[in-house]
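**Q** Model the following, please.
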Amino acid sequence: MVEELVIAVIAAVCACGLYAMAAARVVRQYERGVVFRLGRLQEGIRGPGFTTILPFVDKLHKVNLQIVTMPVPAQDGITRDNVTVRVDAVIYFKVVDAAEALVRVEDYRFAVSQMAQTSLRSIIGKSDLDDLLSNREKLNQGLELMIDSPAIGWGVQIDRVEIKDVSLPETMKRSMARQAEADRERRARVINADAELQASKKLAEAAKEMSGQPAALQLRLLQTVVAVAAEKNSTLVLPFPVELLRFLERATPAEAVQAVQAVSGAVQAAPSPPADQSPAAAATDGADAADAVEPGAPDLAVPGLTTRPKVSSVPTTSSPMPAPPLEEEPQKRQDAQPV
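**A** Okay, here's the model as predicted:
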């Protein structure tokens, strides 16, 4: 009798142990337990820690409340300005109601993934290419709103949505590169023109200051010569006075004729050649004397004359000859050369 009682007690203890093992459950901190008793949802959500259920009657489902990071597959679409693009994104969401996530939708992860893909396609069709490239923050907010609206009924909260990459065709990339290059060249030209304008204003102010002090202009000229000579070259550049050019431009034909007559008078005042000298030699010497009267004198740029005016030979007392026209002088000088 005692042995049977001991066996019964041992059997009861073993049955209680097995029942406790079958009924005991542990819920982690980031999880919540949802109990279904004979297929019916029980009130109350089991919190983290140790909990028990009725074996073979209750069924405990653990739902993860951590934020889930889910990549959205790349979607091909056409933007509002008819550009083919390929966009991929990433979505962050979490379960806020464990019972609704199990009862309202079969698989909330798959449902959120499909909703994200369709919303991403819709956003691509409603946006321009420039918005996809530069205004992503606004598109992310619109995409989050589109996904979060149906997800609230599933017990899921969308934390944030981010567009990761926008892939463009190679032809579009080259076109954008040319556009950016042209824009940068335009800005460079504008900046260069602005710099030229400012430099011209400064030069005008400097010229105005130097016009009142001629010595300053001469010092600047000497500085320029020194700067050119410092390069160790064999050519020395000397600037031509601009005032002389302006004088020649303002000179009238009458003034040029007066200058020629003054040169002719200077040649006629020269001593006559000896009596035994031939007329040809006298003509040659007269031409040489005309050339030697004005050593170093600048050529007169007279309008209508293309060559330097030459003075005819001085006539002797024995054979007076009138002065020939200026146009026939080169031919006469050629005939007067000794053979």
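**Q** Helices of the chain, start to end?
**A** Under the criterion DSSP state H, the chain carries helices at the ranges 2-23, 98-103, 108-126, 129-134, 136-151, 170-212, 214-229, 242-250, 253-268, 279-292, 329-335.
**Q** low-scoring pLDDT stretches of the stretch 51-200 of the chain, where are they?
**A** Applying pLDDT under 70 to the stretch 51-200 of the chain flags no residue at all.
**Q** Please apply the same query to the stretch 201-339 of the chain.
**A** 231-245, 247-249, 251-253, 255-257, 259-260, 262-339.
**Q** dump the residue contacts of residue 22.
**A** Residue 22 makes contact with 55-56, according to Cβ atoms under 8 Å, 6 or more residues apart in numbering. To be clear about C-beta, it is placed using only N, CA and C from the backbone, and glycine gets the same treatment.
**Q** And it, how far from residue 229?
**A** 108 Å (Cβ to Cβ, to the nearest Å).
**Q** rewinding a little: turn the helices of the chain into TSV, including distance to residue 54.
**A** Listed next are the helices of the chain as TSV, based on distance: least, Cβ to Cβ, whole Å:
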stretch	distance to residue 54
helix 2-23	7
helix 98-103	19
helix 108-126	27
helix 129-134	55
helix 136-151	33
helix 170-212	64
helix 214-229	104
helix 242-250	114
helix 253-268	130
helix 279-292	136
helix 329-335	136
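**Q** Which one of those helices lies nearest to residue 68?
**A** Among those, helix 108-126 comes nearest to residue 68, with 7.1 Å by Cβ to Cβ.
**Q** So for the closest one, what gets flagged as buried?
**A** Buried residues in helix 108-126, defined by neighbour count with 16 or more other Cβ atoms under 10 Å: 108, 111-112, 115-117, 119-120, 123-124.
**Q** do stretch 80-92 as well
**A** Applying 16+ other Cβ under 10 Å to stretch 80-92 flags 83, 85, 87, 89, 91 as buried.
**Q** ok, of those, which one's closest to residue 184?
**A** residue 83 (22.4 Å).
**Q** isn't residue 64 right next to residue 95, touching?
**A** Yes: applying Cβ atoms under 8 Å, one finds residue 64 in contact with residue 95, separated by 7.0 Å.
**Q** Give me the more crowded residue out of these two.
**A** More neighbours surround residue 95 than the other of residue 64 and residue 95, with 22 against 14 (other Cβ atoms under 10 Å).
**Q** hmm, back to that, out of the buried residues of stretch 80-92, list just those in strands.
**A** Using DSSP state E, the subset of the buried residues of stretch 80-92 located in strands is 85, 87, 89, 91.
**Q** May I see those organised as JSON lines, with distance to residue 164 added?
**A** Shown next, in JSON lines, are these (distance: Cβ to Cβ, whole Å):
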{"residue": "85", "distance to residue 164": "13"}
{"residue": "87", "distance to residue 164": "8"}
{"residue": "89", "distance to residue 164": "6"}
{"residue": "91", "distance to residue 164": "11"}
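**Q** For residue 175, state which of those residues is nearest.
**A** Out of those, the member with the shortest distance to residue 175 (by Cβ to Cβ) is residue 85, at 13.8 Å.
**Q** Could you pull up the residues touching that closest one?
**A** 76-79, 124, 129, 132, 166-168.
**Q** Make TSV from these and add distance to residue 182 to it.
**A** Conversion of the contacts of residue 85 to TSV gives the following (distance: Cβ to Cβ, whole Å):
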residue	distance to residue 182
76	29
77	28
78	26
79	22
124	27
129	18
132	22
166	22
167	24
168	18
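**Q** nearest to residue 199, of those residues?
**A** residue 129 (40.8 Å).
**Q** count of residues packed around the closest one?
**A** Count around residue 129 with other Cβ under 10 Å applied: 19.
**Q** can you check the one 4 residues further on too?
**A** Residue 133 has 13 neighbouring residues, counting by other Cβ under 10 Å.
**Q** do the one 5 residues further on as well
**A** Residues contacting residue 138 under the criterion other Cβ under 10 Å number 11.
**Q** cool, and residue 35?
**A** Counted with other Cβ under 10 Å, residue 35 comes out at 21.
**Q** what's the answer for residue 34, then?
**A** For residue 34, using other Cβ under 10 Å, the count is 21.
**Q** ok, now which ones touch it?
**A** 41-42, 45-46, 60-63, 98-99, 102.
**Q** before we move on, back to that, nearest to residue 32, out of the helices of the chain?
**A** Closest among the helices of the chain, using Cβ to Cβ: helix 98-103, at 4.2 Å.
**Q** for that closest one, packing partners?
**A** Packed against helix 98-103 by the contact rule (3 or more Cβ pairs under 8 Å, 6 or more residues apart in numbering; DSSP states H and E) you find strand 31-37, strand 58-64.
**Q** winner for burial among those?
**A** Looking across the helices and strands packed on helix 98-103 with neighbours counted as mean count of other Cβ atoms under 10 Å, the highest average goes to strand 31-37: a mean of 18.
**Q** Might you report the residue contacts of residue 75?
**A** 86-88, 117, 120-121, 124.
**Q** rerun that using 7 Å as the cut-off
**A** By Cβ atoms under 7 Å, 6 or more residues apart in numbering, the residues touching residue 75 are 87, 117, 120-121, 124.
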